[in-house]
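# here is a sequence with its predicted model. Questions after.
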Amino acid sequence: MPDLSTNYLGLRLENPLVVSPGPLCESLDNIRLMEDNGAGAVVLHSLFEEQITRMSLTLDADLSRGGESFAESLSYFPELADYRLGPDAYLSHLQQAKQAVSIPVIGSLNGISSGGWIDYARQIEEAGADALELNIYFLPTDPEMDAAAVENQQLTLVRQVVAAVSIPVAVKIGPFFSSLPNISRKFKASGASGLVLFNRFYQPGVDINHLDVVPSLHLSTSDELGLRLRWAAILSSVVDVDLAITGGVHTGEDVLKSMMAGGKVAMMTSALLKRGIPHLRSVLSFISAWMEEKEYESIRQMQGSMSFNNVPKPAEYVRANYMKVLSSYSAAADL
């Protein structure tokens, strides 16, 4: 029987299949079912910076009735009822999840600034989280804010959070940096124990009848995995940090590719929403059977085996593959 165990953020996991943040993690029964079906760890759904800000503004408003500025500020955010779990309920849910299962439970914060957010990082640690995932979801719109300012803001946030807690911190980033290898090294130098590749930037829709901007959500597919694999293969060769692959992990083959590219874990949510939590078990069964057939003794044996430094033609990860794909396309084949 192959050894599926892996190490991620200093935690030993029975296997590299991790449930990523999503609505399924809001239920303790679901989290128990995830463990029963073999999940190596669970990352809870995110506590959003806006939830903390809204709660603080609401408290200030209660203490300063009649202040029009507070009412205006409150209108910028969704109603608290729109969030399934507020900050205090989130911490309670985390405590209960830790008591309900024996696999690692990782907390998640989503935002971009510090302030009171740092206090909640500490409270997530105190609630029992084995690690913290810091999801930096930021869309710069100020033309006076240059690339260096964007990076410095994010690096400062990571340093502050890492300094505030003693549990390991993983940073969930997007691919939209001028130089991912450079910023990844800076995240590592700022104290990040891991990088999660990548958060998904949800694109809003436009309602032409009501003249409104509307939310738009599409679950991932395996087609999205290619971007993650390319950068995992490159980054694992130049940055000494644990990599997690998320976005496009749906099958056992997707998990194996993620490991070979250099990932320590592969994270899954959309596939579970589509196929149910027991899909975890079928994915793990495929991985074990494939490894036995190919005579792999352990997951660690394959991790990074297809990284930038370990493939015969590393240029395939950069421009060579780009040119090959374009030159191989035949319009006639699509007719």
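Perfect, I can see it now.
# what's the strand or helix carrying Ala148 packed up against?
Element membership of Ala148 [criterion: DSSP states H and E] is helix 147-164. Secondary-structure packing of helix 147-164 (3 or more C-beta pairs under 8 Å, 6 or more residues apart in numbering; DSSP states H and E): helix 116-126, strand 131-136, strand 169-173, helix 180-189. Bear in mind the C-beta positions are built from the backbone N, C-alpha and C, glycine included.
# switch to 10 Å and redo it
Contact here means 3 or more C-beta pairs under 10 Å, 6 or more residues apart in numbering; DSSP states H and E; on that basis helix 147-164 packs against strand 105-111, helix 116-126, strand 131-136, strand 169-173, helix 180-189.
# lowest average pLDDT across those?
When the helices and strands packed on helix 147-164 are compared by mean pLDDT, helix 116-126 comes last with a mean of 87.
# lowest confidence element among the helices and strands of the chain?
helix 68-74 (a mean of 38; mean pLDDT, DSSP states H and E).
# continuing past that one, what's the next helix or strand?
helix 87-100.
# buried set for that following helix?
87, 90-91, 93-94, 97-98 (16 or more other C-beta atoms under 10 Å).
# tabulate the helices and strands packed on helix 147-164 (JSON lines), appending mean neighbour count.
Below are these laid out as JSON lines (neighbours: other C-beta atoms under 10 Å):
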{"stretch": "strand 105-111", "mean neighbour count": "25"}
{"stretch": "helix 116-126", "mean neighbour count": "18"}
{"stretch": "strand 131-136", "mean neighbour count": "24"}
{"stretch": "strand 169-173", "mean neighbour count": "26"}
{"stretch": "helix 180-189", "mean neighbour count": "18"}
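# adding distance to Gln154, write these out as a markdown table.
As requested, the helices and strands packed on helix 147-164 are exported to a markdown table (distance: least, C-beta to C-beta, whole Å):
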| stretch | distance to Gln154 |
| --- | --- |
| strand 105-111 | 11 |
| helix 116-126 | 13 |
| strand 131-136 | 5 |
| strand 169-173 | 8 |
| helix 180-189 | 8 |
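# among those, which is nearest Ser282?
The closest of those to Ser282 is strand 105-111. By C-beta to C-beta, the value is 23.3 Å.
# how far is that closest one from where the chain is centred?
9 Å (C-alpha atoms, centre = their mean, to the nearest Å).
# paired strands for that strand, with orientation please.
strand 41-43 (parallel), strand 47-48 (parallel), strand 131-136 (parallel) (DSSP bridges).
# is it possible to export these to TSV including distance to Arg281?
Shown next, in TSV, are these (distance: least, C-beta to C-beta, whole Å):
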stretch	distance to Arg281
strand 41-43	15
strand 47-48	29
strand 131-136	24
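# closest to Arg32 out of those?
strand 41-43 (10.1 Å).
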